[in-house]
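[1] how would this look folded up:
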Amino acid sequence: MKVLSEANVGDVVSVQKNKAQDLLKERLLALGLTSGATIEVLRKGPKNNLTVFRIRGAMIALREEESNLIEIM
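    This next block holds a predicted model:
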């Protein structure tokens, strides 16, 4: 299964599973990273550590370690 950090700029993907734990899981759910949510990859920062996504109309930046916890399809 692919994770969100593996998506390329311009890809539109769907969330399958949020594998985060505790407070981080709550934060990601509050940002709209729920099962079935559509995510567009807008741009990647230097060294691909920070990536900007469009999630439910909002632009949100996630670090690689955070986006590794989101399984996509």
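[2] check what pLDDT Met1 gets.
    pLDDT for Met1: 86.
[3] and for the residue nearest to it when sequence neighbours are not counted, the neighbour number?
    Nearest non-adjacent residue to Met1, counting by Cβ to Cβ, 6 or more residues apart in numbering: Glu71, 4.9 Å away. Just so you know, the C-beta spots here come from the backbone N, C-alpha and C atoms, and that holds for glycine as well. Look at Glu71: counted by other Cβ atoms under 10 Å, it has 16 neighbours.
[4] again with Ile70
    When neighbours are counted by other Cβ under 10 Å, Ile70 comes out with 24.
[5] ok, Leu24 - contacts?
    Listed by Cβ atoms under 8 Å, 6 or more residues apart in numbering, the contact partners of Leu24 are Glu66, Leu69.
[6] how about the secondary structure of it?
    helix (DSSP: H, G, I helix; E, B strand; the rest coil).
[7] ok, now how distant is it from Arg63?
    Remark: distance between Leu24 and Arg63 (Cβ to Cβ, to the nearest Å) = 11 Å.
[8] which residue ranges form the helices in the protein?
    Remark: helices assigned in the chain by DSSP state H are 22-30, 64-67.
[9] the residue nearest to Met1 touches Val15, doesn't it?
    Yes - using Cβ atoms under 8 Å, Glu71 is in contact with Val15, at 7.5 Å.
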